[in-house]
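1. from the sequence below, what's the structure:
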Amino acid sequence: MILFSMSFPVSAVYRCETADGVTFSDQPCGDNAERLTIRDNHIGGSFGDNLPTPAPETSDDPENQSKAKPVETCRFINSTELRTYLARDQVVKGMTTEQVLKAFGRPPETYPVPQETWVYQTDYYGKLYELTYVYFRDGCVESVEYRKP
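-> Numbers count the residues shown, from 1 in each chain. This is a model prediction of the structure:
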């Protein structure tokens with residue numbers, strides 16, 4: 001039995017500024033060539049891309065550790081669905097705060113209590129059209145409500 005392994009060579013990309021402008025090349029184009037780091041953009045993703053960063057332990061006291069609640073993770077959203085939601089500027093239950101920021105941007109209003117809530121405003125022809133309330137629990141979207149002002 002013969003097994004084949006596909007591997008793709010890692011190539012370098014260089015950025016060079018010349019009198020004609022900026023050029024990019026796979027070869028150093030002079031003394032001022034700057035090597036760029038290109039992120040791997042293969043289709044798929046890993047299961048960990050969708051999870052919030054766990055909170056660090058703050059105490060070595062065994063009494064406090066027994067009271068600490070376990071770190072909860074958000075609902076898994078596969079990478080294809082996540083890209084679709086982000087491309088459509090949609091927020092759905094189970095997204096992380098980072099994913100909401102990618103979809104909607106920074107919220108103009110936030111309320112930390114009694115439940116973390118981000119409020120977004122949608123304008124239509126310069127007038128307030130809709131308010132979007134995003135409710136979080138443990139760093140994950142619990143619900144999204146759309147209301148008329």
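2. C-alpha only now, for contacts and for neighbours.
-> Noted.
3. which parts of the protein are helices?
-> Per DSSP state H, the chain carries helices over the ranges 62-67, 79-87, 97-104.
4. worst mean pLDDT among the ones you listed?
-> When the helices of the chain are compared on mean pLDDT, helix 62-67 scores lowest, with a mean of 54.
5. excluding chain neighbours, what is closest to Tyr135?
-> Among residues not flanking Tyr135 along the chain, Thr117 sits closest, at 4.6 Å (C-alpha to C-alpha, 6 or more residues apart in numbering).
6. any idea how far that neighbour lies from Thr97?
-> 11 Å (C-alpha to C-alpha, to the nearest Å).
7. and the helices of the chain: which comes nearest Tyr124?
-> helix 97-104 (16.2 Å; C-alpha to C-alpha).
8. could you measure from the spatially closest residue to Trp118 that is not a sequence neighbour over to Val119?
-> Closest residue in space to Trp118, ignoring its immediate chain neighbours: Thr110 at 4.5 Å, by C-alpha to C-alpha, 6+ apart. Distance, Thr110 to Val119, by C-alpha to C-alpha: 6 Å.
9. pull the contacting residues for the residue nearest to Tyr135.
-> Thr110, Tyr111, Tyr133, Val134, Tyr135, Phe136 (C-alpha atoms under 8 Å, 6 or more residues apart in numbering).
10. which residues does it bridge with?
-> Going by DSSP bridges, Thr117 is paired in beta bridges with Tyr111, Tyr135.
11. returning to that earlier point: out of the contacts of Thr117, which comes closest to Asn78?
-> Nearest to Asn78 among the contacts of Thr117, with distances taken as C-alpha to C-alpha, is Phe136, at 19.9 Å.
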